[in-house]
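1. Predicted model and sequence follow; I will ask about them next.
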Amino acid sequence: MSLLDVILSRRSIRKYEDKEIPPDILRQVLEAGRQAPSAVNRQPFRFVVVTDSEAKNELSKSLFAKHIKNAPIVIVGCADEKSLLTGKWAVVDATIALQNIVIAAWTFGIGSCWIGSFSEEKVKELLKIPDKWKVVALLALGYPAEQPKAKNRKPFEDLFSFNKF
């Protein structure tokens, strides 16, 4: 499958097989995040890889996060908004790294789902994340136990214009 095929075929997965992600594959997926571009190469991000069932259960208590308790892995993406020179870009940089993880995971047949509904305060307390870090998103990862169909997308012309808005 080409990289474009990987990107275009990816879907949000909310049901996962009861199957662990092998450590060597997880390492490659995480490496894709580590290699993401960032402003001035400051890499103002940090990721907490959550495998503990109790922690995942706690993280799943938000309205749109119920499915993550059954995901083998939840990655909590954090950004250092106080990073010297580039702090204002830290959330963007962390998001780019998380998307690299999403795409790399899909190349191995590992599905993912972005979660933006969470209590940052509770996540920080649960995972002992220092105050200076902003929790950007939670990312559930696991082998899909479902095959969602493609969702409708806005027409190309509604999203792109050339040379002027």
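-> Sure thing, it's come through.
2. which other helices and strands contact the longest strand along the chain?
-> Among the segments of the chain that qualify as a strand by DSSP state E, the longest is strand 133-142. Packed against strand 133-142, as judged by 3 or more CB pairs under 8 Å, 6 or more residues apart in numbering; DSSP states H and E, are the following elements: strand 73-80, helix 90-107, strand 111-115, helix 120-127. (Glycine included, C-beta is placed from N, CA and C.)
3. wait, which of the ones you listed is closest to residue 29?
-> Minimum separation from residue 29 across the helices and strands packed on strand 133-142 (CB to CB) falls at helix 90-107, 4.6 Å.
4. report the angle between the axes of the closest one and strand 73-80?
-> With axes from the mean of the first three to the mean of the last three CA atoms, to 10 degrees defining the directions, helix 90-107 sits at 160 degrees from strand 73-80.
5. which residues are in contact with helix 90-107?
-> Helix 90-107 has contacts (CB atoms under 8 Å, 6 or more residues apart in numbering) with 1, 3, 6-7, 9-10, 28-39, 42-45, 47, 75, 77-81, 83, 86, 111-112, 114, 134, 136-137, 139, 141.
6. Likewise for stretch 21-40?
-> Contacts for stretch 21-40 (CB under 8 Å, 6+ apart): 43-45, 47, 49, 72-73, 85-86, 89, 92-93, 96-101, 103-105, 108, 110, 141-143.
7. how much space between residue 137 and residue 45?
-> Applying CB to CB, to the nearest Å, one obtains 11 Å for the distance of residue 137 from residue 45.
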